[in-house]
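Participant: From the sequence below, what's the structure:
(2 chains)
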Amino acid sequence: MGKEADPGDGARRERPREEQLEQLLRSERRMQAPPGLWGRVARSLSPEAAAGRRLVRRRRYLVEGLVGVAASVLVMVGVWWWWTPARPVPPRIERAVAEPAGGPVVFDEEAETFGQEHLVYEAANVLPEGMIVMAAGEGDEGW
Amino acid sequence: MTSGEQAPDRAQEDALDLELVERVLGEGTPEAFRPLYERYKDRVYNTAYRITGDANLAEDVTHDVFIRVYERLGQFRRRSRFSSWLYRVAVNRATDVARRRGRERWLFGVRLGERPGVGEPASGAEAGPAWAAESAEVAEEVARAVAELSLKLRGVVVLRYFEGLSYEEIAAVIGRSVGTVKSRLSRAHQRLAERLQRFC
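Facilitator: Sure, this is the predicted structure:
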């Protein structure tokens, strides 16, 4: 009868290797802090140095706060711009001629005004649907 | 030394730590802080050096750690051990510095003849020239292998094998469960074993 393979052999071989690795790592020397480091630490612990660090920290918090506010505003503006539907471009005011009871309504292209104020309202009835009609002022003061 | 014998030692260490902390809080002077500094300076430096891989950075990190500890000593809650809290500050600061450098896998700048830090040879070995050369080569390879680990794995390896912390202590330092610590150590083992197989 042949010798059957022991499934634990691999694990048992692995364990000494792990132990060797651990021993190798543990045997490494511990580094020591440089002798003059306490002097540097002590100087940094002085009240003046501490006050300086507090000032630096406050400035940093202020800058970070301003950057955060600016970023938030940018995000809000970006979201608003993205979600706001585009306004339709007002169509050009085209020349419209009508024959209402009060007489012809003529659109003066240069002045961009209708000649007869009281006919503005009539003009609104003959102008194509959707055309923006605005009126301001009286007489020939125009739109 | 059995675990039962370790417990009283640890309790004595914890009691001494708390006594030193109270002294600093009571006197509030840098000189009162010095005993605490002297007690932990090498551990913090060694941790910082193993994580950052650079002696200058390790010195900066050690300095920063003790400044931060001094400033926040009043916030130290006695729920955890002082050493765990100190190691947490050290590991976090060293990790931040190492990550900021943007090179998680750079090689140590350790070469024969350079001063990475004052240290002592491994115990039980005669300090002859041949041994010194071989030991330096091994140290360099170990340092490189550890430096090639990710920062997460590097942290637990340093705390476990270079600082001798228990699984529970490491879990307290990194704020994770013991299972996570073991998992990370296991992954680190695999990578280190591949890298250092000629020494094992």
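
Participant: Now do the helix or strand hosting B:T180: everything it contacts.
Facilitator: Element membership of B:T180 [criterion: DSSP states H and E] is helix B:178-195. Residues from elsewhere that reach helix B:178-195 (Cβ atoms under 8 Å, 6 or more residues apart in numbering or on different chains): A:17-18, A:21, A:25, B:141, B:144-146, B:148-149, B:152-154, B:156-157, B:160, B:167-168, B:170-171, B:174, B:200. Bear in mind the C-beta positions are built from the backbone N, C-alpha and C, glycine included.

Participant: Give me the subset of these lying in helices.
Facilitator: Among these, the ones falling in helices (DSSP state H) are A:17-18, A:21, A:25, B:141, B:144-146, B:152-154, B:156-157, B:167-168, B:170-171, B:174.

Participant: The nearest residue to A:R30 once chain neighbours are set aside is in what secondary structure piece?
Facilitator: Leaving aside its sequence neighbours, A:R30 sits nearest to B:N46 (Cβ to Cβ, 6 or more residues apart in numbering or on different chains; 4.8 Å). Element membership for B:N46, per DSSP H and E: helix B:30-52.

Participant: ditto for A:A71
Facilitator: Per DSSP H and E: helix A:47-83 holds A:A71.

Participant: Tell me if I am right that A:E28 is in a strand.
Facilitator: No - A:E28 is assigned coil when assessed by DSSP: H, G, I helix; E, B strand; the rest coil, not a strand.

Participant: Surely the residue nearest to A:R30 touches A:E28?
Facilitator: No - at 9.5 Å, B:N46 and A:E28 do not qualify as touching, with contact defined as Cβ atoms under 8 Å.

Participant: neighbour count winner among the two?
Facilitator: In terms of neighbours (other Cβ atoms under 10 Å in any protein chain shown), B:N46 is the more surrounded of B:N46 and A:E28; the figures are 24 against 19.

Participant: Helix or strand, whichever it is, which one in chain B has the lowest mean pLDDT?
Facilitator: Lowest by mean pLDDT, DSSP states H and E among the helices and strands of chain B is helix B:129-147, with a mean of 77.

Participant: Which strands and helices lie in contact with it?
Facilitator: helix A:9-26, helix B:151-157, helix B:178-195 (3 or more Cβ pairs under 8 Å, 6 or more residues apart in numbering or on different chains; DSSP states H and E).

Participant: any chance of those in CSV, with distance to B:I51 and mean neighbour count too?
Facilitator: CSV is the format used below for those (distance: least, Cβ to Cβ, whole Å; neighbours: other Cβ atoms under 10 Å in any protein chain shown):
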stretch, distance to B:I51, mean neighbour count
helix A:9-26, 14, 13
helix B:151-157, 6, 22
helix B:178-195, 13, 17
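
Participant: okay, the ones you listed in CSV with distance to B:L57 and mean pLDDT next?
Facilitator: Output for the helices and strands packed on helix B:129-147, formatted as CSV (distance: least, Cβ to Cβ, whole Å; pLDDT from 0 to 100):
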stretch, distance to B:L57, mean pLDDT
helix A:9-26, 21, 71
helix B:151-157, 13, 94
helix B:178-195, 21, 93
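
Participant: how about those helices in JSON lines, adding distance to A:L66?
Facilitator: Below are the helices and strands packed on helix B:129-147 laid out as JSON lines (distance: least, Cβ to Cβ, whole Å):
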{"stretch": "helix A:9-26", "distance to A:L66": "47"}
{"stretch": "helix B:151-157", "distance to A:L66": "31"}
{"stretch": "helix B:178-195", "distance to A:L66": "38"}
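
Participant: Out of the ones you listed, which is closest to A:W38?
Facilitator: Evaluated over the helices and strands packed on helix B:129-147, closeness to A:W38 peaks at helix B:151-157, with 25.8 Å, by Cβ to Cβ.

Participant: Keeping just the C-alphas, turn that closest one into PDB.
Facilitator: Extracted in PDB, the C-alpha atoms of helix B:151-157 (Å, rounded to 0.1, in the frame of the first residue of the first chain):
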ATOM      1  CA  LEU B 151       0.700  52.000   4.000                       C
ATOM      2  CA  LYS B 152      -2.100  50.000   5.500                       C
ATOM      3  CA  LEU B 153      -0.100  46.800   5.700                       C
ATOM      4  CA  ARG B 154       3.100  48.600   6.600                       C
ATOM      5  CA  GLY B 155       1.500  50.200   9.700                       C
ATOM      6  CA  VAL B 156       0.500  46.900  11.200                       C
ATOM      7  CA  VAL B 157       3.800  45.200  10.400                       C
END
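
Participant: from the middle of its chain, how far away would that helix be?
Facilitator: Its chain's average C-alpha position is 10 Å from that of helix B:151-157, according to Cα atoms, centre = their mean, to the nearest Å.
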